[in-house]
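Visitor: any chance you could fold what I've pasted below:
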Amino acid sequence: MDFSEELDARGLNCPLPILRCKKAINKMAEGEVLKIVATDPGSVKDFEAFCKQTGNELLETAEDGSEFSFFIKKS
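Guide: Residues are numbered from 1 along each chain as shown. Reported below is the predicted structural model:
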């Protein structure tokens, strides 16, 4: 999937991946896609909740071993 920015949140635990995501997405233009790579299993539910609360679109979630990838489109 194409993305505009990438955020490496590996090794960070809640709430840091969400806080870094919020900071990164605030700098982006509407319609751009942020890719986040995280290792915290709790981040799956966290990013779902974040997108519902902020109105941004969670395009895709993928798991590769102990890493999780999220693609969020800024609304």
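
Visitor: I'd say Lys73 and Glu57 touch.
Guide: Yes - between Lys73 and Glu57 a contact is recorded at 4.3 Å, counting by Cβ atoms under 8 Å. Placement of C-beta: from N, CA and C, glycine included.

Visitor: between the two, which one's more packed in?
Guide: For Lys73 versus Glu57, neighbours defined as other Cβ atoms under 10 Å are more numerous around Lys73 (19 against 13).

Visitor: for the chain, what spans make up the helices?
Guide: For the chain, the helices defined by DSSP state H cover 16-26, 43-54.

Visitor: which residues do Lys73 and Glu57 both contact?
Guide: Shared contacts of Lys73 and Glu57 (Cβ atoms under 8 Å, 6 or more residues apart in numbering): none.

Visitor: okay, and the beta partners of the residue nearest to Asp2 when sequence neighbours are not counted?
Guide: Sequence neighbours aside, Val33 is the residue nearest to Asp2 in space, at 6.7 Å (criterion: Cβ to Cβ, 6 or more residues apart in numbering). For Val33, the beta-bridge partners are Lys73 (DSSP bridges).

Visitor: need the contact partners of stretch 27-41.
Guide: Outside stretch 27-41, the residues that reach it (Cβ under 8 Å, 6+ apart) are 1-14, 17, 21, 24-25, 43, 46-47, 59, 66-75.
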